[in-house]
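Undergrad: quick check, what structure comes out for this input:
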Amino acid sequence: MIIQTNQTSRRQDRVSFIARAIVLSLFFLIPCQPVNALDERIVFDPYTGLSIGGYDPVAYFVSGAAIQGVADYEEVYGDTYWHFATEGNAAAFRASPSVYIPGFGGYAPAAIIRGVAQPGNPTLFAIHRNRLYLFGSEDERRAFLVDPDTMIAAAAAKWPDVLKLLAY
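TA: All right, here's what the predicted structure looks like:
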């Protein structure tokens, strides 16, 4: 009998990901119709694969706080791992992940405006127009809260250039 742990599962998922990447790269050689894809690169730990430091993305909306998720409630989305504090939060994410993924994939909007791909701190956050944003510092968060629409628009204008800096 083989017992699979989260760590074993992650290794297998990474091997599977590499194999899929090789096969998919072959499709770029063949003309095809464009498909809708997640247009954001999500902040994750390259060693664990955990998105946004393992914090529960649903908890920001439900509890209004940054709450660390647990491995018992783990989901895979966007080739990264997401942890949740409760099964209910994991179910909400499964039903609609795009609602809970942070704006700009968890990169700090103020840094994006400067042309830098700086991961936001999961404990420094704001929700604006039902979208979660993470920040690099409390000063950046305060500046965002003064005029969020202007900062989001400026970051969105720079985002395509910053995306070019990020590895796939």
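
Undergrad: ok, the most centrally placed residue in the chain - contacts?
TA: What sits nearest the mean C-alpha location of the chain, by Cα atoms, centre = their mean, is residue 42, with 3.3 Å. Residue 42 is in contact with 51, 52, 78, 80, 101, 105, 106, counting by Cβ atoms under 8 Å, 6 or more residues apart in numbering. Every residue, glycine included, has its C-beta placed from N, CA and C.

Undergrad: what residues of stretch 147-162 count as buried?
TA: 148, 151, 152, 155, 158, 159, 162 (16 or more other Cβ atoms under 10 Å).

Undergrad: do the same with stretch 79-88
TA: 79, 80, 81, 82, 83, 84, 85, 86.

Undergrad: what about the strands in this structure?
TA: 70-77, 80-84, 121-128, 131-135 (DSSP state E).

Undergrad: just how off-centre is the last one within its chain?
TA: Strand 131-135 sits 10 Å away from the centroid of its parent chain (Cα atoms, centre = their mean, to the nearest Å).

Undergrad: now for that strand, which elements pack on it?
TA: helix 109-113, strand 121-128, helix 138-146 (3 or more Cβ pairs under 8 Å, 6 or more residues apart in numbering; DSSP states H and E).

Undergrad: angle of it against strand 121-128?
TA: In terms of direction (axes from the mean of the first three to the mean of the last three Cα atoms, to 10 degrees), strand 131-135 departs from strand 121-128 by 140 degrees.

Undergrad: can you list contacts of strand 131-135?
TA: By Cβ under 8 Å, 6+ apart, strand 131-135 touches 43, 52, 57, 60-61, 100-104, 106-110, 119-122, 124-127, 141, 144, 148, 152.

Undergrad: any low-confidence regions in the chain?
TA: Flagging of the chain using pLDDT under 70 yields the residue ranges 1-40, 167-168.
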